[in-house]
Every structure is written in structure tokens, then in C-alpha cells.
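*Asks:* Give me coordinates for this.
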Amino acid sequence: MTTDASQSSASDEQLVEKARQGDMGAFEELVARHRDKIYARAFSMMRNEDEAVDLSQEAWVKSWQRLNQFHGESSFGTWVTRIVINLCLDQLRKRKRQRTDSIEGMDEEAGGVERLMPAVTVNPTERLERGELRKKIDAALGKLSEEHRTVLVLHEFEEMEYKEIARTMDCSIGTVMSRLFYARRKMAALLADLKNEELR
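*Replies:* The predicted structure is shown next:
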């Protein structure tokens, strides 16, 4: 990859402008800056490393194709994060449709949550002292249902408003608020359990 010094000191907006004119090096610099966050967001929603890699790759392809639709209302990182969130939600909906085809499949999924939660620190660049907390949060997130996990990720990590979450998840604001309430309560209980296990 040929990234010159001017590229690494350029702002995201300048790089987007260059990339729009076909400068692939500028786009590669944007990917390098934001890929950890995009992968982390995909992983926090999907709980599966392979799917997170695939969906974050797809998000980068889409962002390259749709670069002309980026008008700078939000930061470039936020814009790509929205793309990966929508891809994850599509995938979760698809998964849910397949699951409801078979009651046994649903039961197996409900009992198989543990298999889907490798305790990994999704961003290797995080400071080590935050690594342990991240692992705990990660493990607790893995035990939430898809709906509760998604609403928590969108509200707490992406700081999306109820209205925007409702539109993104295709449900009412009341449903968002109720899911968020239960998700927070469940997370608090799970994190307390993890702490108690350590004390034993």
C-alpha cells in the first residue's frame, strides 16, 4: 500500500475528497483509520468473528461505492458505522426469518448462546487496563437477546436517539424504550454475576 505522508496528515474530509476523485490510496488511509471501530461494532452486534469480518468488509465496499452520497452531515467514521449497523440488522433479520422456520432450531439457538461468545477484545489497540473490562462487557453482551443487544449497542455506543433506533429497527419508540430498560437491567445483573464469580 502506498500511503504518502501528506495522506496520513490529511483530515478525513480531505481524504474523502481525494477518494471521490478516484484516489484509492486516500480511501485505504480512511479504512486504516476506521477499520478497528467498524469491525468492533459489527462484532458487538453479530457475536461472531467471521460474520463481523465479512460485514465490515461489505461496509467498506458499500462506502466506496456510495462515496458521492456522503455529504458530511456527520463524520466519515459515523457514516460508515451506520452502513455496517444496517448490514448487521439485515443479517440479523435474515437469521431470525430462517430461525422461525423451525421451532427446534429456535430452541437450539436459545441454548447455544454460549457458543457464540468468544471472549475476545475486539480492538487490539485498546489500552491493556481497559481490556479486562471490555472482556466482561463483551461476555455480558453475548448473553443478551439479539433485540436487547442491538438496542443497547445503538443507544449506548452509537448514541442514537430513540426515534432513530425505532426507525432503524423498524419498531415503535415504546418498544425501543422497553428493550433498552430490560437490556440495561440484564447487563447490570450479568456484570454483577461476573464480579461475584471473581470474588469467589
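*Asks:* can you map out the helices along the protein?
*Replies:* With DSSP state H applied, the chain shows helices at 5-9, 12-20, 24-46, 49-65, 76-100, 103-111, 128-142, 146-152, 162-169, 173-199, listed in chain order.
*Asks:* Throw those into JSON lines and include mean neighbour count, thanks.
*Replies:* Where you see a C-beta, it was placed from the backbone N, CA and C, and this is true even at glycine. Formatted as JSON lines, the helices of the chain follow (neighbours: other CB atoms under 10 Å):
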{"stretch": "helix 5-9", "mean neighbour count": "11"}
{"stretch": "helix 12-20", "mean neighbour count": "17"}
{"stretch": "helix 24-46", "mean neighbour count": "20"}
{"stretch": "helix 49-65", "mean neighbour count": "17"}
{"stretch": "helix 76-100", "mean neighbour count": "17"}
{"stretch": "helix 103-111", "mean neighbour count": "11"}
{"stretch": "helix 128-142", "mean neighbour count": "15"}
{"stretch": "helix 146-152", "mean neighbour count": "22"}
{"stretch": "helix 162-169", "mean neighbour count": "17"}
{"stretch": "helix 173-199", "mean neighbour count": "14"}
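*Asks:* Can you tell me which of those helices has the worst average pLDDT?
*Replies:* Ranked by mean pLDDT, these bottom out at helix 103-111, with a mean of 43.
*Asks:* Would you map out the domains in the chain?
*Replies:* 1-116, 122-200 (automatic domain parsing).
*Asks:* where's the residue nearest to the spatial centre of the chain relative to residue 185, distance?
*Replies:* In the chain, the centroid-proximal residue (CA atoms, centre = their mean) is residue 41; its distance is 2.0 Å. To residue 185, residue 41 is 23 Å away according to CB to CB, to the nearest Å.
*Asks:* ok, now residue 22?
*Replies:* 50 Å.
*Asks:* Next: residue 193.
*Replies:* Distance from residue 193 to residue 185, counting by CB to CB: 13 Å.
*Asks:* what does stretch 140-155 contact?
*Replies:* Outside stretch 140-155, the residues within contact range by CB atoms under 8 Å, 6 or more residues apart in numbering are 41, 44-45, 47, 85, 88-89, 92, 95-96, 113-114, 116-117, 160, 162, 164-165, 168-169, 176, 179-180, 182-184, 186-187, 190-191, 194.
*Asks:* rerun that using 7 Å as the cut-off
*Replies:* 44-45, 47, 85, 89, 92, 113, 116-117, 160, 165, 168-169, 176, 179-180, 182-183, 186-187, 190-191, 194 (CB atoms under 7 Å, 6 or more residues apart in numbering).
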